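Participant: okay, sequence plus prediction incoming.
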Number of protein chains: 2
Amino acid sequence: MMTSVDTDLIRVLADPLRLRIVTLLAEETLCTTHLVEETGARQTNLSNHLRVLREAGVVETEPCGRYTYYRLRPDVIDRLAGQFADLAESARTAADNKRACP
Amino acid sequence: MMTSVDTDLIRVLADPLRLRIVTLLAEETLCTTHLVEETGARQTNLSNHLRVLREAGVVETEPCGRYTYYRLRPDVIDRLAGQFADLAESARTAADNKRACP
DNA sequence: CTGTCACATCAGTCCAAGCTGATATCAGTC
DNA sequence: GACTGATATCAGCTTGGACTGATGTGACAG
């Protein structure tokens, strides 16, 4: 069984600011203005990161007048958690597999 | 409750080659030579990545003569899986929290 | 329709980090 | 000791991607 983790998804979450955004969105649904306040990042920068998160399917948007709400998609995060759990489980099972030196 | 994920740890795992190494090590304990064969990467490159993984505590080494065995630490991966699971859980709970527009 | 505000896009800069070749180190073998 | 093979370290090159300022677009208020 070759448990593999979604590389692209991790890379998306590996940026400090993006992870901060995701953490904030795990608590409540916010729009860009709120995120600017919370993170202190420039609007342009934030907008770029939100685009990455959106294209990766990590967040979904809900337009509301001239505002845009961002919501975290729990299933995506859950899938990732599962992949890591499988990896850890696999490592535990194969703890004593040691390939012989060539 | 502010569930936070270890940024440094994710960044370490966000590299494709490093994630490949981790996946291989989840199946069996290997030494550098094996990893060179499996991944096709140069020895120097691999050694650099292994250093990063070692310093992050993701893998542990076991010298064996002139070989060095690398073993994955399941607890570290498990902790990460738990952090993501918490994040997803938090997002589910707070699904309807929507901060009002300013 | 005009101004303002929220948000996205574009073009350019800059730096962290991945990759490499050369070299060092250390363990076995002869 | 001399030699070979396994692994680590070093210095330099190069590139992806994060950040920014300027600008575009679209929605609401007046």
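Facilitator: Yep, it's here.
Participant: so which bits of chain A are right by DNA strand C?
Facilitator: A:31-33, A:36, A:43-44, A:47-48, A:50-51, A:61, A:66-68 (Cβ under 7 Å from any atom of the strand). The C-beta positions use only the backbone N, C-alpha and C, and glycine is treated the same way.
Participant: how about 10 Å then?
Facilitator: The interface of chain A toward DNA strand C, taken as Cβ under 10 Å from any atom of the strand, is made up of A:14, A:16, A:30-37, A:42-51, A:54-55, A:61, A:63-70.
Participant: list buried residues within these.
Facilitator: With burial judged by 16 or more other Cβ atoms under 10 Å in any protein chain shown, the buried subset of the residues of chain A next to DNA strand C is A:14, A:30-32, A:34-36, A:46, A:49-50, A:68-70.
Participant: which ones, among those residues, also lie beside DNA strand D?
Facilitator: A:Ala14, A:Leu46, A:His49.
Participant: can you check the pLDDT for the closest residue to A:Glu28 other than its chain neighbours?
Facilitator: Distances taken as Cβ to Cβ, 6 or more residues apart in numbering or on different chains put B:Asn97 closest to A:Glu28, at 3.7 Å, once the chain neighbours are dropped. For B:Asn97, the pLDDT comes out at 92.
Participant: now render the ones next to DNA strand D among the buried ones among the residues of chain A next to DNA strand C as JSON lines, adding pLDDT and secondary structure.
Facilitator: What follows is these, written out as JSON lines (pLDDT from 0 to 100; DSSP: H, G, I helix; E, B strand; the rest coil):
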{"residue": "A:Ala14", "pLDDT": "98", "secondary structure": "coil"}
{"residue": "A:Leu46", "pLDDT": "98", "secondary structure": "helix"}
{"residue": "A:His49", "pLDDT": "98", "secondary structure": "helix"}
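Participant: which of those sits closest to DNA strand C?
Facilitator: A:Leu46 (7.2 Å; Cβ to the nearest atom of the strand).
Participant: now do the same contact list for the closest one.
Facilitator: If a contact means Cβ atoms under 8 Å, 6 or more residues apart in numbering or on different chains, then A:Leu46 has A:Leu17, A:Ile21, A:Thr32, A:Leu35, A:Val36, A:Thr39 as its contacts.
Participant: quick one on the thing from earlier: you'd agree the residue nearest to A:Glu28 is up against A:Leu25?
Facilitator: No: between B:Asn97 and A:Leu25 there is no contact under Cβ atoms under 8 Å: 10.0 Å.
Participant: so for those two, which sits in the more crowded spot?
Facilitator: A:Leu25 (26 against 14; other Cβ atoms under 10 Å in any protein chain shown).
Participant: what's the pLDDT at the closest residue in space to the more buried one that isn't next to it in sequence?
Facilitator: Computed as Cβ to Cβ, 6+ apart, the closest residue to A:Leu25 that is not its neighbour in sequence is A:Leu72, at 4.0 Å. With respect to pLDDT, A:Leu72 has a value of 98.
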